[in-house]
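*Asks:* what's the 3D shape of this:
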Amino acid sequence: MLQFSPNEKISYSHFNRFLIEEISALRRVRERGTMTTTIAQATSSSRSSRSSSSSEKPLFERKSLPRGRYFLNIRNSSSKRSKSNNDGRSNNSASVTKTVLVPIANGTEEMEAVIIIDVLRRAGVKVTVASIEEDLLLEMSRGVFIKADCFLIDCRGKEFDCVAIPGGMPGASRLGNDERVREILKNAVDGKKIVAAMCAAPAVVLNANGFLRDCDEATCHPSFDLGEKFEKFKQNRVCVSGAAGNTLVITSQGPGTAIEFALAITKELLGEEKRREIALLMCVSNDVLCS
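*Replies:* Next up is the predicted model:
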């Protein structure tokens, strides 16, 4: 019988590999007719193999939380992947790895946060998920718990190629009212980096703090207002606009446009070729690719 300690975590692939090894060992023992002496050896060997092969934590962990609540520990593994840019050149050097900061708060929209993180990491971007709260484990707008990589205070003084802000309420309001978030956005603008926000965030984070003032176009969730200047862009799913100081501002509507939004960031960081590569791997429709 297979036994694991209550706190032991194994991924599905590791568990399946373990079962296959156990079954193969038993078949070999039966054929040799030495059932008693060899089962212990086979079991010990397979457990040792499982232990060594499962040294990495699974990408997603489920922990004990109130009923109906789920916890995602989004492990950053993108640093191990090779990177390529718009010219098709491959580079494994960590010094040229593109970096994105994703600040989150209690009440952030979980679909938007996870899709931004997931798509960018698929593209080989190093994504840092930072909590503005007093805890790393945050409850999103629909009851999903996400564990951040670090606290936002730990990101002070660090430079990122892009700051991408998911929406959701009241998470977007909490981000927009946080002085540390405003400081990081100002540093991004001053450093001519990419500023990106979606759903409620373009309105309550960027526009409310003056970061859309010099943009040519912007969009947000239809239930929020960016003012008369951007009214004609309100139906756009994604807007990419230059601002003062050559800062690029990317905005998008909501959960249903999150993949397009993340792919737009991918394009600006790594080029159209990488955007199409990641989109095709995710089976994104040609309508999105051609938009």
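*Asks:* give me the mean pLDDT for stretch 175-185.
*Replies:* Per-residue pLDDT values over stretch 175-185 give a mean of 97.
*Asks:* typed the wrong thing, it's stretch 211-228
*Replies:* 95.
*Asks:* again with stretch 129-146
*Replies:* Stretch 129-146 carries an average pLDDT of 97.
*Asks:* what about it, start to end distance?
*Replies:* End-to-end span of stretch 129-146 (CA to CA, to the nearest Å): 10 Å.
*Asks:* contacts made by stretch 175-188 with the rest, please.
*Replies:* By CB atoms under 8 Å, 6 or more residues apart in numbering, the residues outside stretch 175-188 that reach it are 101, 103-105, 108, 132, 152-153, 155-156, 159-160, 162-163, 165, 194-195, 201, 204-206, 208-209, 211, 247. C-beta: built from backbone N, CA, C; applies to glycine.
*Asks:* what residue ranges in this protein score low on pLDDT?
*Replies:* Across the chain, the ranges flagged by pLDDT under 70 are 1-19, 25-95, 243-245, 291.
*Asks:* now the strands for it?
*Replies:* In the chain, the strands defined using DSSP state E lie at 70-73, 83-84, 90-91, 99-104, 126-131, 137-139, 144-147, 150-151, 162-165, 194-198, 238-242, 248-252.
*Asks:* bridge partners for Ile104, pull those for me.
*Replies:* On the basis of DSSP bridges, Ile104 is bridged to Ser131.
*Asks:* which ones are touching it?
*Replies:* Applying CB under 8 Å, 6+ apart, the residues contacting Ile104 are 113, 129-132, 138, 140, 146, 148, 166, 171, 175.
*Asks:* from those residues, pick the one nearest Phe233.
*Replies:* Pro166 (19.9 Å; CB to CB).
*Asks:* and that closest one, how far is that from Phe230?
*Replies:* 20 Å (CB to CB, to the nearest Å).
*Asks:* more neighbours, these two?
*Replies:* Higher neighbour count among Pro166 and Phe230: Pro166, with 34 against 23, using other CB atoms under 10 Å.
*Asks:* would you agree the more buried one is in contact with Ala105?
*Replies:* No - between Pro166 and Ala105 there is no contact under CB atoms under 8 Å: 9.5 Å.
*Asks:* quick revisit: make JSON lines from the contacts of Ile104 and add distance to Ser241 to it.
*Replies:* Converted to JSON lines, the contacts of Ile104 look like this (distance: CB to CB, whole Å):
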{"residue": "Ala113", "distance to Ser241": "23"}
{"residue": "Val129", "distance to Ser241": "25"}
{"residue": "Ala130", "distance to Ser241": "25"}
{"residue": "Ser131", "distance to Ser241": "29"}
{"residue": "Ile132", "distance to Ser241": "26"}
{"residue": "Leu138", "distance to Ser241": "30"}
{"residue": "Met140", "distance to Ser241": "28"}
{"residue": "Ile146", "distance to Ser241": "29"}
{"residue": "Ala148", "distance to Ser241": "29"}
{"residue": "Pro166", "distance to Ser241": "19"}
{"residue": "Gly171", "distance to Ser241": "24"}
{"residue": "Leu175", "distance to Ser241": "20"}
